[in-house]
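In: predicted model and sequence below, questions to follow.
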Amino acid sequence: MTECSDIDLPALATQIKQWGKELGFQQVGITDTHLDEAEGHLHRWLANGFHGDMDYMQRHGSKRIRPAELVPGTMRVISVRMDYLPNEPDPRAILDDPVQAFISRYALGRDYHKVLRNRLQKLAHKIEAHVGPFGYRAFVDSAPVMEKALAEKAGLGWIGKHSNLINRDAGSWFFLGELYTDLPLPTDAAGEAHCGTCQACIDVCPTQAIVAPYQVDARRCISYLTIELDGAIPLALRRGIGNRIYGCDDCQQVCPWNRFASPTDEGDFRPRHGLDRTDLLTLFAWDEAAFMRHTEGSAIRRIGYHRWSRNIAVALGNADFDPGIVSALERRLEYETQPMVCEHLRWALDQQRAKRSA
């Protein structure tokens, strides 16, 4: 543990929050490591099988809900948020046009993992320059960390019925990051829930993945199906995906608290390669080299070319009948060798041909 007898910890906490804002974080909060309530929720979620194929959610045992087991000596967690909402027209217009490709707003710019981790590291360096060497480790959605539960305890907002963190003044369009530290800093008051009787997010979910308030069955969630799932998308859920080829923002778009969200000024999060306004056939025409080129430095690259092709095939099957779509699917089937992709291509062709006959 860092020797703290000569450190003014309340003043340091205030300074950390100021440094955080100077580094581009919109909010910084501090919490202890006790996550008893979150632990119970996690165990119930896992017991219900709501994690699907995300075995990593239970692989690390209690390290996820006991920070000091993940990083020995951890006494506090510095939790940060950074806004990412692009400055653009209502994205619902894309969802309403079935030939356009919808990509979750968080993935349109540079990979947030790199951006936030770099800033957290700079924050740690500022602290170190002020107090000397101390124990810390930075995380950005990259380890068994209960980031939303920690952020809620740190006063950054509350976990809504859709399981995302909501802030009264900023909505939910933001990323989270954490700095585990052995500094016994004073903690902030936890966020208070303000969802009330609203269930707009539950009602709007295209695949009914929010099975009850605060309970999301990932196996039905479009973000899970298009990003985490490695195999075939269940037949019963394909039509609900619509033209969403990477993630889904419906529950955030409908949340009334997001009327307070502000577009980001962060250049790294501005849409790149025109992915905020691209049609399905253009993306479907990419070969693997083009996919790798256009997703360099993007979170999208992590799903790989096969899942990307699978997702677009489903979206093309959901589009209105178009001879151009049929031709594109047929051409791809002539040379595609990946069985999982082929199955989705054939499904999409069946959907298109059924619409032509209707």
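Out: Yep, that arrived. Numbers count the residues shown, from 1 in each chain.

In: which residues of the stretch 251-358 of the chain fall in helices?
Out: Using DSSP state H, counting those that start in this stretch, the helices of the stretch 251-358 of the chain run over residues 280-284, 288-294, 304-318, 323-335, 339-357.

In: so where do the strands sit in this protein?
Out: Using DSSP state E, the strands of the chain run over residues 27-31, 76-83, 102-103, 136-139, 158-159, 165-166, 174-181, 210-212, 215-216, 244-246.

In: check which helices and strands the first one sits against.
Out: The one in question is strand 27-31. In terms of contact count using 3 or more CB pairs under 8 Å, 6 or more residues apart in numbering; DSSP states H and E, strand 27-31 is assigned the packing partners helix 9-22, strand 76-83, helix 147-153. Heads up, the C-betas are built off the backbone N, CA and C, glycines and all.

In: please identify the most buried of the ones you listed.
Out: Among these, strand 76-83 has the highest mean neighbour count (mean count of other CB atoms under 10 Å), at a mean of 26.

In: for residue 123, see how far away residue 142 is.
Out: As defined by CB to CB, to the nearest Å, residue 142 lies at a distance of 16 Å from residue 123.

In: so which of the two has more stuff around it?
Out: Neighbours per residue (other CB atoms under 10 Å) separate residue 142 from residue 123, with residue 123 holding more: 23 against 11.

In: mean neighbour count, mean pLDDT and distance to residue 11 added to the helices of the stretch 251-358 of the chain, as TSV?
Out: Conversion of the helices of the stretch 251-358 of the chain to TSV gives the following (neighbours: other CB atoms under 10 Å; pLDDT from 0 to 100; distance: least, CB to CB, whole Å):
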stretch	mean neighbour count	mean pLDDT	distance to residue 11
helix 280-284	20	98	52
helix 288-294	13	96	47
helix 304-318	24	98	48
helix 323-335	14	97	62
helix 339-357	17	96	57
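
In: so residue 56 versus residue 216, what's the distance?
Out: When distance is defined by CB to CB, residue 56 is 17 Å away from residue 216.

In: with neighbour numbers in mind, choose between those two.
Out: Using other CB under 10 Å, the more surrounded residue of residue 56 and residue 216 is residue 216, with 23 against 12.

In: count of residues packed around the nearest residue in space to the more buried one that is not next to it in sequence?
Out: In space, and not counting its chain neighbours, residue 216 is closest to residue 163: 4.7 Å by CB to CB, 6 or more residues apart in numbering. Using other CB under 10 Å, residue 163 has 19 other residues around it.

In: so residue 163 touches residue 211, yeah?
Out: No: under the criterion of CB atoms under 8 Å, residue 163 is not in contact with residue 211, lying 11.1 Å apart.

In: below-threshold pLDDT in this structure: ranges please.
Out: Scanning the chain with the threshold set as pLDDT under 70 gives 1-3, 89.

In: now do the contacts for the residue lying closest to residue 126 once chain neighbours are set aside.
Out: Take residue 126 and drop its neighbours on the chain: the residue closest to it by CB to CB, 6+ apart is residue 19, 4.8 Å away. Taking CB atoms under 8 Å, 6 or more residues apart in numbering as the criterion, residue 19 is in contact with 123, 126-127.

In: contact partners for residue 281?
Out: With contact taken as CB under 8 Å, 6+ apart, residue 281 is in contact with 99, 316, 324-325, 328.

In: dump those residues to CSV, plus distance to residue 351.
Out: Listed next are these as CSV, based on distance: CB to CB, whole Å:
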residue, distance to residue 351
99, 14
316, 8
324, 15
325, 10
328, 14
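
In: my guess is residue 317 meets residue 353, correct?
Out: No: taking contact to mean CB under 8 Å, the distance of 10.0 Å between residue 317 and residue 353 leaves them out of contact.

In: how about stretch 180-194: buried residues?
Out: 180-183, 185, 187-188, 190-191 (16 or more other CB atoms under 10 Å).

In: would you turn the residues you listed into JSON lines with distance to residue 240?
Out: Converted to JSON lines, the buried residues of stretch 180-194 look like this (distance: CB to CB, whole Å):
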{"residue": "180", "distance to residue 240": "38"}
{"residue": "181", "distance to residue 240": "43"}
{"residue": "182", "distance to residue 240": "46"}
{"residue": "183", "distance to residue 240": "47"}
{"residue": "185", "distance to residue 240": "45"}
{"residue": "187", "distance to residue 240": "41"}
{"residue": "188", "distance to residue 240": "39"}
{"residue": "190", "distance to residue 240": "35"}
{"residue": "191", "distance to residue 240": "31"}
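
In: ok, those residues vs residue 205, which is closest?
Out: Distances from these to residue 205 were compared by CB to CB; the smallest belongs to residue 191, at 23.2 Å.

In: what about the residue lying closest to the closest one once chain neighbours are set aside, neighbour count?
Out: The spatial neighbour of residue 191 that comes closest, neighbours along the chain excluded (CB to CB, 6+ apart), is residue 158 at 4.3 Å. For residue 158, the count of nearby residues is 19 (other CB under 10 Å).

In: again with residue 164
Out: When neighbours are counted by other CB under 10 Å, residue 164 registers 18.

In: contacts only, for residue 83.
Out: Residue 83 makes contacts with 26, 170, 173-174, 261-264, 266, as judged by CB under 8 Å, 6+ apart.
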